[in-house]
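>>> Got a predicted structure plus its sequence, pasted below:
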Amino acid sequence: MGGGDGTGPRAASADPTRVVCCVGDIHGFYDRLLRLWANLELRVGGAAFRTALVIFLGDYCDRGPQTREVIDFLLSLPSRYPEQRHVFLCGNHDLAFSAFVGALPPPHDGSTFSETWAEYEANEEREGWFKGEGYEGMHLQGRRWGGVIRDRWNSKRGTEYLGSIYDAGPTFQSYGVPHGSIELTKAVPEEHKKFLSTLVWIHEEDDVGLDAPEGRLCCKLIAVHAGLERGKPVEQQLRTLRSRDTSISKVEALSGRQNVWNIPKELSGETPTIIVSGHHGKLHLEGLRFIVDEGGGRKESPVAALILPSQTIVRDTD
């Protein structure tokens, strides 16, 4: 289900020739997802596609109009492609969606979700945090997701906000309720809530092949929605991400920007380590750092995927 077999610390394929497909942020664009999937199947083909490891890099909701259909499609994959392995990473939008509908796992330390508000309470009025029924026990990101942002124009993206700072309005509408309505908690099917509740924050894979100028490398792969932070011990970050510590107000590995762009120097050991992410609204392939989010939830941009070992990019527009 949600996390596939990526819920443990590491899953080993022991086959550097195996195909790995890393699918970028979908953001509710179901029609694009269908075209991308068909293009991946055509490009990889045969047994290689039937037995591929497919890692979805997160952000399945918001901005695009068909979040509900996207999640239905993802839920169908294990039965339609039983020989594939599917890993569903949690993006920052997915975490916030989960928090609003009550699908976010509770903090392990016994703290309350309301304790996540204090760090960012200065932003509450500008971001218009949700104050409707049930807000008292809601994680910060759920309140931000379901709220109504005061400023209508997103200057960073050059677009209007779609309801909240997360552009969550289309997700509400895909389930047939108006933006900001607590009725969404009833409209979202239980199987969708279970999917959201089991999304993994990180996936680690040994023995992933990578075609480089010097030949095929056998690498470790770390998939995480935004990236790993610089200046923070890597093992500490991995423990937090593996455990899905929901006491954290803002998970930088899921929502950071420049602070998670580069590969931490700690990972420059004997075994080459690939870090693959979505989130950044860019397509960036440099060395062992791969960012696969060409669409970024923009209406005019394609949804893309990366195929390894070949480093081939496939788009829904191909």
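That came in fine, so what should we check first?
>>> rest of the way, CA atoms for contacts and neighbours
Noted.
>>> what sits up against stretch 133-142?
With contacts defined as CA atoms under 8 Å, 6 or more residues apart in numbering, stretch 133-142 is touched by 95-102, 112-114, 116-117, 130, 143, 182, 249-250.
>>> what about residue 137, distance to residue 126?
Distance of residue 137 to residue 126, computed by CA to CA, to the nearest Å: 21 Å.
>>> These two - which one has more neighbours?
More crowded of residue 137 and residue 126, by other CA atoms under 10 Å: residue 137, with 16 against 12.
>>> give me the element residue 285 is part of.
strand 283-286 (DSSP states H and E).
>>> and residue 214, how many residues sit next to it?
The burial count for residue 214: 6, using other CA under 10 Å.
>>> Residue 239 too?
Around residue 239 there are 13 residues (other CA under 10 Å).
>>> which residues sit in contact with it?
With CA under 8 Å, 6+ apart, residue 239 has no contacts at all.
>>> So which residues of the stretch 1-150 of the chain form strands?
11-12, 20-23, 53-56, 85-88 (DSSP state E, counting those that start in this stretch).
>>> List the buried residues for stretch 250-264?
250, 251, 252, 253, 254, 255, 256, 260, 261, 263, 264 (16 or more other CA atoms under 10 Å).
>>> what about residue 118, distance to residue 141?
Taking CA to CA, one finds residue 118 at 12 Å from residue 141.
>>> These two: who's more crowded?
Using other CA under 10 Å, the more surrounded residue of residue 118 and residue 141 is residue 141, with 27 against 11.
>>> which residue sits closest to residue 296, ignoring its sequence neighbours?
Counting by CA to CA, 6 or more residues apart in numbering, residue 296 lies nearest to residue 281, which is 4.1 Å off, once chain neighbours are set aside.
>>> where do the helices sit along this structure?
Along the chain, the segments classed as helices by DSSP state H run 30-44, 46-50, 67-80, 92-101, 124-127, 140-146, 169-174, 184-187, 190-197, 234-243, 252-255.
>>> Mind putting those helices into TSV with distance to residue 162 and mean pLDDT?
Putting those into TSV (distance: least, CA to CA, whole Å; pLDDT from 0 to 100) gives the following:
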stretch	distance to residue 162	mean pLDDT
helix 30-44	18	98
helix 46-50	36	96
helix 67-80	14	98
helix 92-101	13	98
helix 124-127	13	97
helix 140-146	11	98
helix 169-174	5	98
helix 184-187	16	98
helix 190-197	21	98
helix 234-243	29	98
helix 252-255	19	98
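>>> hmm, back to that, give the phi and psi angles for the residue nearest to residue 296, as a check.
Here is the backbone geometry of residue 281 (degrees, to the nearest 10): phi 70, psi 30.
>>> Report the contact partners of it.
So residue 281 contacts 293, 294, 295, 296, 297 (CA under 8 Å, 6+ apart).
>>> Most neighbours among those residues, which one?
Of those, with other CA under 10 Å as the count, residue 293 tops at 28 neighbours.
>>> thought that residue was touching residue 282?
Yes. Between residue 293 and residue 282 there is a contact at 5.1 Å, judged by CA atoms under 8 Å.
>>> Tell me how many other residues crowd residue 208.
25.
>>> Please apply the same query to residue 300.
8.
>>> Now do it against residue 312, distance only.
22 Å.
>>> And residue 20, by the same measure?
Noted for residue 20: a distance of 11 Å to residue 312, by CA to CA.
>>> And those two? Which one has more around it.
residue 20 (25 against 12).
>>> Tabulate the CA atom coordinates of stretch 20-29 in CSV.
Listed next in CSV are the C-alpha coordinates belonging to stretch 20-29 (Å, rounded to 0.1, in the frame of the first residue of the first chain):
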residue,chain,number,x,y,z
VAL,A,20,14.4,2.6,-11.7
CYS,A,21,11.8,5.2,-12.6
CYS,A,22,11.7,8.4,-10.6
VAL,A,23,8.4,10.2,-11.2
GLY,A,24,8.3,14.0,-10.5
ASP,A,25,5.6,16.0,-8.8
ILE,A,26,2.1,15.4,-10.3
HIS,A,27,0.1,18.1,-8.5
GLY,A,28,-3.3,16.9,-9.4
PHE,A,29,-2.7,16.6,-13.2
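>>> Could you export the buried residues of stretch 250-264 as TSV, including distance to residue 38?
Output for the buried residues of stretch 250-264, formatted as TSV (distance: CA to CA, whole Å):
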residue	distance to residue 38
250	35
251	33
252	33
253	30
254	28
255	29
256	31
260	32
261	30
263	32
264	35
